[in-house]
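Trainee: Predicted structure and sequence below. I'll ask about it afterward.
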Amino acid sequence: MSDLLHRRTLLGTAAAALILSACGGSDGGYDGGYGMAMPPPAAVVLETITATLTGDQEAPAATTSGATGTATFSLNRATRTLSGAVKLDGLTDPTAAHIHLGAAGDAGAVEIALSISATKDISLAATVLTPDQLANLDAGKYYVNVHSAAFPGGEIRGQIGREVFTAQLGGQQEVDPKATTASGTGLLVLNPLTRAISGSIELTGITATAAHIHAAAAGSNGPILLNLTDHGGHGHFTVPDNTVLAAADVDTLRKGGLYYNAHSAAFPGGEVRGQIGRRVLKAMADGSQEVVATPSAATGQATVVYDPVTRTITGSFTVANITATAAHIHRGAVGVNGAIAVPLAETTPGSGIWSIAANTALDAPGAQALLTSGMYVNAHSAAFPGGEIRGQLNPAK
């Protein structure tokens with residue numbers, strides 16, 4: 001997502017051809033028969049507004065869909081006319097699609113129905129908005145929602161004219177993982193034109209003493225970028241009003257380099273944490289999870305970070321007490337062997353750290369498998385060529 005989310009496009013209308021008057025043929029331009037030159041037609045200005053659709057934006061609860069979509073609309077502000085189309089990736093059979101009224105994180109009523117053709121193309125014919133509807137559009141209060149049989153309430157959603165980043169907070173995402181039952185959800189909404197942000201976190205099972213947005217990638221601690229405001233009860237914190245990010249911080253946000261962190265008296269350095277705009281998955285590997293189980297004393301732990309917009313993944317699998325000959329991410333549920341989905345490469349021979357290659361992206365079914373605990377890490381050895389230790393990848397809690 002970028003600041004192309006809402007760009008202005010000037011469609012120049014060619015100046016009217018000069019037509020000689022039948023009354024004398026003055027070469028000063030058509031005078032309409034009144035002796036005065038007529039001005040050329042005014043140019044038509046269209047604004048292009050887009051939305052990126054993902055499952056994690058669905059409300060009140062995110063979906064596990066790996067599908068994505070891009071909605072592109074053209075707005076003639078002078079006539080308040082809106083038209084556009086939605087392109088889907090990984091969602092082949094939409095049952096309905098609409099523009100709803102609702103801020104990011106809220107479910108709202110249908111305002112405008114979108115058309116779905118026999119070939120499953122989604123479009124909006126030229127529609128004249130009311131002044132109130134135009135104001136809501138400018139305020140980022142409309143979203144596109146695409147429904148399916150699997151997710152009748154909506155499989156993927158995208159806020160029109162805004163970039164929306166979600167977060168799932170838990171103790172396992174802390175750099176020093178915390179044994180806590182506390183959890184939370186977070187939302188951050190960016191206006192790409194102004195770099196203004198809004199957002200909040202909702203916490204359960206914790207009496208937070210403070211909460212912040214920090215700058216660091218998953219697995220690293222970073223400095224505080226922004227203090228959040230406590231709205232009472234120590235479980236609801238918001239981004240202060242009128243907060244505007246620097247351009248460099250917007251870039252960091254889009255790259256997954258910001259996280260929410262909630263602190264408590266028991267864990268002053270942070271009890272629960274959530275990477276903004278990313279899903280974090282963890283695995284603990286040992287021989288008992290292999291099919292068939294091995295008697296190995298080796299262990300391993302893996303972290304995978306998933307971008308719901310691009311479906312790219314990053315991360316690594318670190319093993320101990322094993323001379324691994326290969327390591328992979330396989331597709332398969334607990335207790336089931338599956339095919340290799342992502343090969344891993346050892347960063348340095350003998351280091352025991354096996355990493356995902358740069359720019360690795362999953363297809364939509366693979367992404368859904370990852371999000372539903374349908375993938376596992378597996379380390380192979382000469383003694384156990386089919387796999388010595390294995391660990392199921394689950395969403396970090």
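Mentor: Everything's here; your move. Residues are numbered from 1 along each chain as shown.
Trainee: okay, now R254: neighbour count?
Mentor: 18 (other CB atoms under 10 Å). The C-beta positions use only the backbone N, C-alpha and C, and glycine is treated the same way.
Trainee: before we move on, what about H236?
Mentor: 17.
Trainee: just the helices in the stretch 251-397 of the chain please.
Mentor: 364-371 (DSSP state H, counting those that start in this stretch).
Trainee: Would you map the strands across it?
Mentor: 258-263, 272-275, 279-286, 299-306, 312-320, 326-331, 340-346, 353-356, 360-361, 375-380, 389-392, 394-395 (DSSP state E, counting those that start in this stretch).
Trainee: for the protein, what are the low-confidence residue spans?
Mentor: Applying pLDDT under 70 to the chain flags residues 1-38, 42.
Trainee: 50 instead, please
Mentor: Counting by pLDDT under 50, the ranges of the chain that qualify are 3-34.
Trainee: Which residue ranges make up each domain of it?
Mentor: Using automatic domain parsing, the domain parsing of the chain gives 3-159, 170-275, 279-395.
Trainee: Ends of the shortest one, what's the gap?
Mentor: The one in question is domain 170-275. Domain 170-275 has an end-to-end distance of 10 Å (CA to CA, to the nearest Å).
Trainee: Buried residues, the strand or helix carrying T50. List them.
Mentor: Using DSSP states H and E, T50 maps to strand 44-54. For strand 44-54, a neighbour-count test (16 or more other CB atoms under 10 Å) marks 46-47, 49-54 as buried.
Trainee: got it, and stretch 375-388?
Mentor: Within stretch 375-388, the residues that count as buried by 16+ other CB under 10 Å are 375-381, 384, 387-388.
Trainee: Identify all contacting residues around it.
Mentor: 283, 285, 287, 289-290, 294, 296, 298, 300, 302, 317, 319, 322-332, 334, 337-338, 341, 344, 354, 366, 369, 389-393 (CB atoms under 8 Å, 6 or more residues apart in numbering).
Trainee: Filter those down to the buried ones, PyMOL style.
Mentor: Listed next is the PyMOL selection for buried residues among those, using 16+ other CB under 10 Å:
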select buried, resi 283+285+287+289+290+294+296+298+300+302+317+319+322+324+326+327+328+329+330+331+332+337+338+341+344+354+366+369+389+390+391+392+393
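Trainee: before we move on, the earlier item: please name every helix or strand in contact with the strand holding T50.
Mentor: strand 6-11, strand 68-76, strand 142-147, strand 156-159 (3 or more CB pairs under 8 Å, 6 or more residues apart in numbering; DSSP states H and E).
Trainee: Output the buried residues of strand 44-54 in JSON lines, with distance to D121 appended to each entry.
Mentor: JSON lines is the format used below for the buried residues of strand 44-54 (distance: CB to CB, whole Å):
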{"residue": "L46", "distance to D121": "21"}
{"residue": "E47", "distance to D121": "23"}
{"residue": "I49", "distance to D121": "19"}
{"residue": "T50", "distance to D121": "17"}
{"residue": "A51", "distance to D121": "17"}
{"residue": "T52", "distance to D121": "18"}
{"residue": "L53", "distance to D121": "15"}
{"residue": "T54", "distance to D121": "20"}
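Trainee: contacts for the helix or strand L124 falls within?
Mentor: According to DSSP H and E, L124 maps onto strand 122-128. The contact list for strand 122-128 (CB under 8 Å, 6+ apart) reads 73, 79-88, 94, 97, 99, 112, 114-117, 146.
Trainee: Count the neighbours of the residue nearest to G270 when sequence neighbours are not counted for me.
Mentor: Using CB to CB, 6 or more residues apart in numbering and skipping the chain neighbours, the partner closest in space to G270 is N261 (4.4 Å). Applying other CB under 10 Å, we find 25 residues neighbouring N261.
Trainee: Assess the claim that G374 and V336 are in contact.
Mentor: No - counting by CB atoms under 8 Å, G374 does not reach V336; the two are 9.1 Å apart.
Trainee: Looking at those two, which is more packed in?
Mentor: The neighbour comparison of G374 against V336 (other CB under 10 Å) goes to G374, with 21 against 11.
Trainee: Which residue is the nearest non-sequential neighbour of that one?
Mentor: A333 (5.5 Å).
Trainee: what do you get for T63?
Mentor: G55 (3.8 Å).
Trainee: Give me the neighbour count for the one you found.
Mentor: 25.
Trainee: how close does it get to A339?
Mentor: Using CB to CB, to the nearest Å, G55 is found at 24 Å from A339.
Trainee: How about S316?
Mentor: S316 is 21 Å from A339, by CB to CB.
Trainee: and if you look at T64?
Mentor: For T64, the distance to A339 - CB to CB - is 20 Å.
Trainee: Give me the more crowded residue out of these two.
Mentor: Shown here are T64 and A339; by other CB under 10 Å, T64 has more neighbours (19 against 8).
Trainee: Go ahead and confirm that one touches T54.
Mentor: No - contact status for T64 versus T54: not in contact, 11.2 Å apart, counting by CB under 8 Å.
Trainee: now the end-to-end length of stretch 328-348.
Mentor: 16 Å.
Trainee: Show me what it is in contact with.
Mentor: Applying CB under 8 Å, 6+ apart, the contact partners of stretch 328-348 are 289, 291, 304, 313, 316-317, 324, 326-327, 352-357, 360, 362, 366, 369, 373-378, 380, 386, 392-393.
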